[in-house]
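**Q** Structure for the following, please:
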Amino acid sequence: MSGRPVAIRKRGAADNGLPADVDVERFVLGSILLDDIVFPELSQDFFSLDSHRRIFRCMSDLHARGEHVDRVTVANELERRGEREAVGGISYVVSLDDGVPQIPHLDSYIRILQEHATRRRIMFACQHLMDRAALSTEELASVIQAGLEVFTTTAAAGQAYRSIEDLPSVAECGAGDIKYIRRPELPCAAIVGLTGDSGSGKSTLATAWARDAWRNQGVPALFLDRENPLNVVADRLQRLGTEDGPGLRFWGGWLPSEAPQPDSAIVRAWAAERKGLVVVDSFSAFLEGGDQNDAAIVRTFVSRCRRLADVGATVVLIHHDGKAETAKDYRGSSDFKGAIDQGLHVSNFGEGGQLGKLVLRPFKSRLGACREISYEYASGRFERGDETEARQTIGEQLTVILRLNPGATARKFDELVNTRGLGRNRARAWLSEGVLAGSIRFETGAKNTRRYFVAGMEVQSAL
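**A** Residues are numbered from 1 along each chain as shown. So this is what the prediction gives:
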């Protein structure tokens, strides 16, 4: 038998006049009771009646637990939840599949429910806009903006919850294992803070990430740029051996209108559809109110970015680091660190201000351990340290570690080496042999503590 729907009497939600088809809702629920082998993919808000939403939630939970969905199991589950009377009693549940033929494909019927649900959401959003316009004493522009926000979030997101019971479970929202555009730097659907001094290579590195994400995975990127002039962006693309196009879009100040806020309707629509990478360059340039030390302003802006992450996009916030040694990770309010999901501080160890060795030091991660990451930049390529280490001898790797951590004590050097699995005894022996050979020097500090340096390297910091 084909999936073409049989003749069913159409009617609206009757009592409230909203678009609905209760007969089709009963048909879909009854079909699930008859055969739950292929459980349909639909949302509970496709059903206009609260009783039908409760029954469908019950069916979905049974299916998620791997249990059979039929009259008996659904009736027992409703009884266990104390919802039997709320759905019209057991007699109503067992009557759902009366006279319903077995049809292998419910797509046509589900499409009918989806269309009605979409119409209801649009009507709810429009009604809210009408109420706001009629009752508000705000300026007209504020009313329009607020109304459009409600409309886009309600209609585009596809939700119109009428009660707390309507809220879907975390699993129903698609939660699963953490995925990455680039592991561990770019977890999907997360906000990543990329901080560092001016000229440290943050924007170039983010552009290289975007280039590789499109080339290797088909993940598109959008740069919202209020920081760089056109020629700087063009030079960066040329150095990286790429160009903008379908997979790499730039919205900068050289266009007639400046880059919008991350949660603007046009950006959110792109993010929801493409699930891509959104790079904000830079955080302070987009901060409304301008005070990056104001916790409320900072938190509000990151919440705007959270709207993109909530629909599946990965957001990179490029930001400057702090000037004080005690606040080097990022500039401004601590709410920046509190609101992001992952924070990476970039240091450039290239000579003469040129890009060379980049070290990414994690200062925040909600998504599990994230170790220090190093990159070697040359001829438009960023090669990650773990890729080059595979070709390095142990001695070369130890030299790189000390070069990146000048002034390390023996104890600190042990810790750094152990994190890479190279061994404490080997590290101590290498330091001693290097001092004797003249390739490593040391300076004596307080309490005769020795601080080690690669010979010929100027002191950059003291750990």
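**Q** so how many other residues sit close to residue 336?
**A** When neighbours are counted by other Cβ atoms under 10 Å, residue 336 registers 24. (Glycine included, C-beta is placed from N, CA and C.)
**Q** hang on, isn't it packed against residue 327?
**A** No. Using Cβ atoms under 8 Å, residue 336 is not in contact with residue 327, being 10.8 Å away.
**Q** partner strands of the top strand by length along the chain, parallel or antiparallel?
**A** As far as residue count goes, and with DSSP state E defining each element, the longest strand of the chain is strand 357-365. Each strand pairing with strand 357-365, determined using DSSP bridges, is listed with its direction: strand 342-348 (antiparallel), strand 373-378 (antiparallel).
**Q** Which one of these has the poorest average confidence?
**A** Averaged per stretch, pLDDT over these is lowest on strand 373-378, reaching a mean of 90.
**Q** And for the helix or strand just after that strand, what's in contact with it?
**A** Along the chain past strand 373-378, the next helix or strand (assigned with DSSP states H and E) turns out to be strand 381-384. With contacts defined as Cβ atoms under 8 Å, 6 or more residues apart in numbering, strand 381-384 is touched by 205, 208, 358, 373-377.
**Q** sorry, back to before: dump the longest strand of the chain to PDB, restricted to CA.
**A** The C-alpha trace of strand 357-365 is given here as PDB (Å, rounded to 0.1, in the frame of the first residue of the first chain):
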ATOM      1  CA  LYS A 357      55.900  29.300  16.900                       C
ATOM      2  CA  LEU A 358      52.300  29.800  18.300                       C
ATOM      3  CA  VAL A 359      51.400  28.400  21.700                       C
ATOM      4  CA  LEU A 360      47.800  28.000  22.700                       C
ATOM      5  CA  ARG A 361      47.400  27.800  26.500                       C
ATOM      6  CA  PRO A 362      43.900  26.700  27.700                       C
ATOM      7  CA  PHE A 363      42.500  28.800  30.600                       C
ATOM      8  CA  LYS A 364      38.900  27.500  30.500                       C
ATOM      9  CA  SER A 365      37.200  24.300  29.400                       C
END
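**Q** Select, out of the strands paired with strand 357-365, the one closest to residue 23.
**A** With Cβ to Cβ as the criterion, residue 23 lies closest to strand 342-348 of the strands paired with strand 357-365, at 49.6 Å.
**Q** Residues touching that closest one, excluding its own?
**A** Outside strand 342-348, the residues that reach it (Cβ under 8 Å, 6+ apart) are 185, 187, 190-197, 199-202, 205, 321, 328-330, 337, 355-367, 370, 373.
**Q** Residue 278 belongs to a strand?
**A** Yes. Per DSSP: H, G, I helix; E, B strand; the rest coil, residue 278 lies within a strand segment.
**Q** Could you list every helix and strand that the helix or strand where residue 319 lies packs against?
**A** In this structure, residue 319 is located in strand 314-320 according to DSSP H and E. If you count contacts as 3 or more Cβ pairs under 8 Å, 6 or more residues apart in numbering; DSSP states H and E, strand 314-320 packs onto strand 186-187, strand 191-196, helix 202-217, strand 277-281, helix 283-286, helix 295-310.
**Q** quick one on the thing from earlier: check the contacts of strand 381-384 against residue 452 and report the nearest one.
**A** residue 374 (18.7 Å).
**Q** Run a quick neighbour tally on that closest one.
**A** For residue 374, which is what you asked about, the neighbour count (other Cβ under 10 Å) is 20.
**Q** distance of it from residue 408?
**A** 15 Å (Cβ to Cβ, to the nearest Å).
**Q** how many neighbours does the nearest residue to residue 240 once chain neighbours are set aside have?
**A** Beyond its immediate neighbours in the sequence, the residue positioned closest to residue 240 (Cβ to Cβ, 6 or more residues apart in numbering) is residue 380, lying 4.8 Å away. By the other Cβ under 10 Å criterion, the neighbourhood of residue 380 contains 16 residues.
**Q** Farthest pair within the contacts of strand 381-384?
**A** Greatest spatial distance in these: 208 and 374, 14.4 Å, computed using Cβ to Cβ.
**Q** if we can go back for a sec, just checking: what are the partner strands of the strand holding residue 319?
**A** Listed by DSSP bridges, the sheet partners of strand 314-320 and their directions read strand 191-196 (parallel), strand 277-281 (parallel).
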